[in-house]
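Colleague: Requesting a structural model of the entry that follows:
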Amino acid sequence: MDSFPDIEKVHYMLDNIVEEIPKEFFRKLNEGVVLLSSHKLHPESRKDIPLYIMGEYSRSITGRNIKIYYGSFKMAYNGQSEGYIYKKLKETLLHEFIHHLESLAGEKRLEIKDAEDLERYRNMNK
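Modeller: Next comes the predicted model:
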């Protein structure tokens, strides 16, 4: 049975999380936070252990945004409580905000940590 909240409920949860974030964090995030219905697999995802992309920070010539993938959350956390999903949404959004703030400051610490995490994933069950 599918017990995952619908996209409108997740959008509402995400809006509540956004309200908790200091307004200064949104500086130069001109395209805002976007909830997409799709899921996204990492290019190196494996069939035996899928690696879903939950969120992404993007920069382009048109601006900066944070994408959250509803479908990825649904694939990874179906059957979990709404409280757990809220917690994971908040962790993901804050993670992407760190990418944004580091980008503004010319830092790459979180990118380095993400690369280390990806390396650990690559080495799982080898």
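
Colleague: Could you look up the next helix or strand downstream of the lengthiest helix in the chain?
Modeller: In the chain, with assignment by DSSP state H, the single longest helix is helix 82-105. Counting by DSSP states H and E, the next helix or strand C-terminal to helix 82-105 is helix 109-122.

Colleague: pLDDT on that following helix, on average?
Modeller: Taken as a whole, helix 109-122 has a mean pLDDT of 94.

Colleague: between it and helix 82-105, how big is the angle?
Modeller: With axes from the mean of the first three to the mean of the last three Cα atoms, to 10 degrees as the basis, helix 109-122 and helix 82-105 are set at 130 degrees to each other.

Colleague: ok, and what's touching helix 109-122?
Modeller: With contacts defined as Cβ atoms under 8 Å, 6 or more residues apart in numbering, helix 109-122 is touched by 42, 44, 49, 51, 95, 98-99, 102. (Each C-beta comes from the backbone N, C-alpha and C, glycine too.)
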